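> My questions are about this predicted structure, shown below with the sequence.
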Amino acid sequence: MRIISKLYEITKDKYLHFIAGIIIASICVIILNLNLFCIIPTAIIGVAKEVYDYLSYGKFDCMDLLYTVLGGLLIFLMSLLNLIVL
């Protein structure tokens, strides 16, 4: 029950960052064939987005970056375990 209650505390924005990380890493794995390095472009794009937010709104959100990278990490782990079928 505690896990489910924690999931309700995560905001919609964090889920969107997680999904963005999944999409970026999936493109790297499926199209670019960067299985072991898919986390790097995900992190770079995540940092670029947060720098853009900082320059636009004055806020660099480390948690947004974390959720983006976690999405990429999920795809990275799936590619290591050969769970992504090309």
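That came in fine, so what should we check first?

> Mind listing residues that contact the strand or helix carrying residue 65?
Assigned by DSSP states H and E, residue 65 belongs to helix 62-80. Contact with helix 62-80 is made by 13-15, 17-26, 28-29, 35-36, 38-39, 42-43, 45-47, 49-50, 53, 84, as judged by C-beta atoms under 8 Å, 6 or more residues apart in numbering. Heads up, the C-betas are built off the backbone N, CA and C, glycines and all.

> Residue 35: what's it in contact with?
29, 76, 79, 80.

> Which of the residues in the helix or strand encompassing residue 29 are classified as buried?
Under the criterion of DSSP H and E, residue 29 resides in helix 12-30. Across helix 12-30, burial judged by 16 or more other C-beta atoms under 10 Å covers 14, 17, 18, 20, 21, 22, 24, 25, 26, 28, 29, 30.

> in the next helix or strand after that helix, what's buried?
On the C-terminal side of helix 12-30, the closest following helix or strand by DSSP H and E is helix 39-57. Within helix 39-57, the residues scored as buried using 16+ other C-beta under 10 Å are 39, 41, 42, 43, 45, 46, 49, 50.

> packing partners for helix 39-57?
Packing partners of helix 39-57 (3 or more C-beta pairs under 8 Å, 6 or more residues apart in numbering; DSSP states H and E): helix 12-30, helix 62-80.

> what helix or strand does residue 6 sit in?
Using DSSP H and E, residue 6 sits in helix 2-9.

> how far out from the middle of the chain is the worst-scoring helix or strand of the chain on mean pLDDT?
Across the helices and strands of the chain, mean pLDDT, DSSP states H and E gives its lowest value to helix 2-9, namely a mean of 73. Relative to the chain's own centre, helix 2-9 is displaced by 20 Å; criterion: C-alpha atoms, centre = their mean, to the nearest Å.

> so residue 60 touches residue 52, yeah?
No. Applying C-beta atoms under 8 Å as the test, residue 60 and residue 52 come out as separate, 9.7 Å apart.

> Model confidence for residue 68, exactly?
pLDDT, the model's per-residue confidence, is 97 for residue 68.

> In CSV, could you pull the C-alpha coordinates for stretch 23-43?
Written as CSV, here are the backbone C-alpha positions of stretch 23-43 (Å, rounded to 0.1, in the frame of the first residue of the first chain):
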residue,chain,number,x,y,z
ILE,A,23,11.3,7.9,-25.8
ILE,A,24,14.8,9.4,-26.2
ALA,A,25,16.6,6.2,-25.1
SER,A,26,14.3,4.0,-27.3
ILE,A,27,15.2,6.1,-30.3
CYS,A,28,18.9,5.6,-29.4
VAL,A,29,18.5,1.9,-29.0
ILE,A,30,16.2,1.0,-31.9
ILE,A,31,17.2,3.6,-34.6
LEU,A,32,20.7,4.5,-33.8
ASN,A,33,21.7,1.1,-32.3
LEU,A,34,23.4,2.7,-29.2
ASN,A,35,22.4,0.0,-26.8
LEU,A,36,25.1,0.6,-24.1
PHE,A,37,25.2,4.4,-24.6
CYS,A,38,21.5,5.3,-24.8
ILE,A,39,21.7,6.9,-21.3
ILE,A,40,24.2,9.5,-22.4
PRO,A,41,22.0,11.3,-25.0
THR,A,42,19.1,11.0,-22.6
ALA,A,43,21.1,12.8,-19.9
